[in-house]
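# Predicted coordinates and the sequence they were generated for:
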Amino acid sequence: MNPFQISSEAIAGEINTFQRKLSEGMAHLISMDELPSGVTPHDVVFERGKLRLLHYKGDPTVERNPTPLIIVYALVNRPYMTDLQENRSTVQGLLDAGQDVYLVDWGYPDRTDRFTTLDDYLNRSLHSCVKAVCRQHAIDQVNLLGICQGGVFSLCYSAMHPEKVKNLITMVTPVDFHTEGNMLSHWAKPIDVDQLVDTLGNIPGELMNWMFLNLKPYRLMGQKYLGLVDRMDDEKALNSFMHMEKWIFDSPDQAGETFRQFLKDFVQQNKLIKGEVEIGRHTIDLSNVTMPVLNIYAEQDHLVPPSASKVLSEHVGTNDYSEVSFNGGHIGVYVSGKARKIVPPAIGVWLDERY
């Protein structure tokens, strides 16, 4: 018998299995409730324009670190990725680790935000959040956790206002944007940013999403949907897949002037490690980051290679610098079940040792 010859019975069996999984998957999709944008209970404790500051409700019997932790996410996607599902929530993991957790929700920019700058985002909006938390707790400093672009923002904020930050955690945060193998910076270097922003104003979220997906088009736009068929009869797996899909395509527009400066100064010209970024009246000097720093990077990160993040140790001014390496990718470091068991507890221990 030809080993490459497939019997009609085998083909029919494959077709029947496919149809069964597809039918069960469609039934699961039809019965699925509307997916939430975050799952952990919270209060909105401060608002400024479109920005909201969320304060999460943890178990009242758990003793909390007296210094609150503010999570600063990127502008590019929605911050509820940190609280995606009950079993995959970085926020809940931090609460379980005894932290008092806040999160900055930047909102959805519209045409009125066309001229909103990094100075507005950091020295006005983020600074207002920090001061609001300090007032609430009658303290002078907070802990910051910055994720991806939010980590860059947290570094810049800490360099400008070191007196307001007790401890700084950066997660999958680019510092040197020109390391070898950095696909995002290679893609962005030839872009005429001025023409793009002058033409479009705000940068559409759909355009940004298309760009990120095309960094790995087969895996991110083809392979995952082919693989979905094999899991469509698994209601739990399908639910997790749909949570992720909702977040991926929930892409806010980018305020034009902020996009212009970030892409030109950070991504194209690599000014952060050169000490040449100017935000408002400040020139960003990472040696002003003198508080303890915990830098978390992902070993299989296709957006922020470990080398782009680990170089932070060479530029900050602190004598208390630590690193945590996670065996996973850029998103998995704060959304996977494996990360949930490792990363938040490590952050909790590190912070508790420094209060």
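On my side now, so go ahead.

# how about stretch 134-150: buried residues?
Gln141, Val142, Asn143, Leu144, Leu145, Gly146, Ile147, Cys148, Gln149, Gly150 (16 or more other CB atoms under 10 Å). All C-beta atoms are positioned from the backbone trio N, CA, C, and that covers glycine.

# Inside strands: which ones of these?
Using DSSP state E, Val142, Asn143, Leu144, Leu145, Gly146, Ile147 are the members of the buried residues of stretch 134-150 that sit in strands.

# Dump these to JSON lines, plus distance to Gln136 and pLDDT.
JSON lines is the format used below for these (distance: CB to CB, whole Å; pLDDT from 0 to 100):
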{"residue": "Val142", "distance to Gln136": "10", "pLDDT": "98"}
{"residue": "Asn143", "distance to Gln136": "14", "pLDDT": "98"}
{"residue": "Leu144", "distance to Gln136": "16", "pLDDT": "98"}
{"residue": "Leu145", "distance to Gln136": "18", "pLDDT": "98"}
{"residue": "Gly146", "distance to Gln136": "21", "pLDDT": "98"}
{"residue": "Ile147", "distance to Gln136": "23", "pLDDT": "96"}
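
# With adjacent residues omitted, what lies nearest to the residue nearest the centre of the chain?
With distances taken as CA atoms, centre = their mean, Ile147 lies nearest the centre of the chain, 4.6 Å away. Leaving out its chain neighbours, the residue that sits closest to Ile147 by CB to CB, 6 or more residues apart in numbering is Met171, at 4.7 Å.

# And Ser154, by the same measure?
Gly146 (2.9 Å).

# That neighbour contacts Val165, doesn't it?
No: with contact defined as CB atoms under 8 Å, Gly146 does not reach Val165; the gap is 10.3 Å.

# so Cys134 makes contact with Asp140?
Yes: using CB under 8 Å, Cys134 makes contact with Asp140 at a distance of 6.2 Å.

# shared neighbours, these two?
Lys164 (CB atoms under 8 Å, 6 or more residues apart in numbering).

# Among the buried residues of stretch 134-150, pick out the one closest to Ser309, please.
Cys148 (10.1 Å; CB to CB).

# dump the residue contacts of that closest one.
Cys148 touches Tyr73, Ala74, Val76, Met171, Val172, Thr173, Pro174, Leu303, Val304, His330, counting by CB under 8 Å, 6+ apart.

# 10 Å instead?
By CB atoms under 10 Å, 6 or more residues apart in numbering, Cys148 lies in contact with 72-77, 81, 170-174, 301, 303-304, 330-331, 333-334.

# Isn't Phe115 up against Gly256?
Yes: between Phe115 and Gly256 a contact is recorded at 7.1 Å, counting by CB atoms under 10 Å.

# who's more crowded, the two?
Using other CB atoms under 10 Å, the more surrounded residue of Phe115 and Gly256 is Gly256, with 24 against 11.

# gap between the more buried one and Ile203?
The gap separating Gly256 from Ile203 is 7 Å, by CB to CB, to the nearest Å.

# list residues touching both of the two?
Common neighbours of Gly256 and Ile203 (CB under 10 Å, 6+ apart) are Pro109, Val193, Leu196, Val197.

# leaving aside the residues next to it on the chain, what's closest to the third one?
Pointing back at Leu196 there. With CB to CB, 6+ apart, the residue lying closest to Leu196 is Ile203, at 7.1 Å.

# Test of understanding: give the bridge partners of the one you found.
Gln254 (DSSP bridges).

# per-residue pLDDT, it?
Looking at Ile203, its pLDDT reads 94.

# Ok, Pro66 next?
Value for Pro66, per-residue pLDDT: 96.
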